[in-house]
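# predicted structure and sequence below. I'll ask about it afterward.
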Amino acid sequence: MPIFHAIVLGITQGLTEFLPVSSSGHLGIIPWLFQWNDFAGDTRMENTFDVALHLGTLIGSVTCLWGDVRTYSRAGLSAIAGRRSWDGEAKFGWFLLLSALPAALVAALFESFFLTQSNRVGLIALGLAAFGLLLWAVDRRTRNELSTSDLSLSRAAMLGCGQCLALFPGVSRSGINITIARTLGYGRPDAARIAFLMGLPIIGGAALYRMFGVASDGLPSGMWNALVVGTITSAVTGWLAVRIMLRWVRTHSYAGFAAYRVCLALMVAAVLFAR
């Protein structure tokens, strides 16, 4: 894999994992658009690079959200060990972790099906447009009534089930979480923060799951440079995306992201038609 391709894909993964525009969709569109064939059907190489990108994204996001991660993980562990009462912070930490279970279960049961969908560019365009419009419609009508302290088991379950939809390319995990959170009445900054925190177990679990496959198959030769570059670029841009997004939604709506998704979907449709 050329280093330039690793840089572009690393930046793409880091930014789009947290902006509500679909990382899987962009990682499918960019190689298709520029007709890159870096893996030539070698799933071992593709899985290894995917692990590197997710690992980088996880590092960048945890670094940016470290205050929250430390607070909720400590509270949750202390509560289960009996050294602390089950207060709001302790429950929030476990709700975040448990919210990953529905998507993890569905992904494990239907892994081969979802892998075949990841390269269907038409499906990606449809997901981008449809769920972009849904995000816009929900965001403009919802009042800011709830904050992160109002997360309950039922709300966490709804958000967790919503993450199953993000297994389809073009939907966006952060996008669907933000959409559901806004539907429930969370303010824009709180909806984004919950979406990002809920993404950490999913991203970490996906990286760990793929890592077992890489460990059993062995590291493909000649990929070290691309892996290192992809990890670093996705970590840095992931950190930037979380930081910028949390600031942006304090004073802006999600309409710009919805418009971008629809425009990208139309461009993809036009290229599909032209080809």
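All right, it came through fine.
# what sits against the closest residue to G175 other than its chain neighbours?
The shortest distance from G175 to any residue other than its chain neighbours is 3.3 Å, reached at P20 (C-beta to C-beta, 6 or more residues apart in numbering). Using the backbone N, CA and C atoms, a C-beta is placed for each residue, glycine as well. The contact partners of P20, by C-beta atoms under 8 Å, 6 or more residues apart in numbering, come to L135, S172, S174, G175, I178, T179, A195, Y254, F257.
# mind checking what helix or strand follows the host helix or strand of Y72 in sequence?
Under the criterion DSSP states H and E, the helix or strand holding Y72 is helix 66-80. Taking DSSP H and E as the definition, the helix or strand that follows helix 66-80 towards the C-terminus is helix 88-98.
# buried set for the helix holding Y72?
Within helix 66-80, the residues that qualify as buried by neighbour count (16 or more other C-beta atoms under 10 Å) are D68, V69, Y72, A75, G76, S78, A79.
# now render those residues as CSV, adding pLDDT.
Compiled in CSV, the buried residues of helix 66-80 are given as follows (pLDDT from 0 to 100):
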residue, pLDDT
D68, 91
V69, 91
Y72, 91
A75, 88
G76, 88
S78, 91
A79, 88
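# rewinding a little: which strands and helices lie in contact with the helix holding Y72?
Using 3 or more C-beta pairs under 8 Å, 6 or more residues apart in numbering; DSSP states H and E as the contact criterion, the secondary-structure elements in contact with helix 66-80 are helix 88-98, helix 188-217.
# returning to what we had before: tell me the secondary structure for the residue nearest to G175?
coil (DSSP: H, G, I helix; E, B strand; the rest coil).
# how much space separates it from T148?
Using C-beta to C-beta, to the nearest Å, one gets 18 Å for the distance from P20 to T148.
# next, count neighbours for A191.
31 (other C-beta atoms under 10 Å).
# dump the residue contacts of the closest residue to it other than its chain neighbours.
Excluding its sequence neighbours, the residue lying closest to A191 (C-beta to C-beta, 6+ apart) is A181, at 3.7 Å. Residues counted as contacts of A181 (C-beta under 8 Å, 6+ apart) are L159, D190, A191, I194, A195.
# how near is the last one to W239?
To tie it back to what came earlier, the one meant is A195. From A195 over to W239 (counting by C-beta to C-beta), the distance is 16 Å.
# thanks again, I'm all set now.
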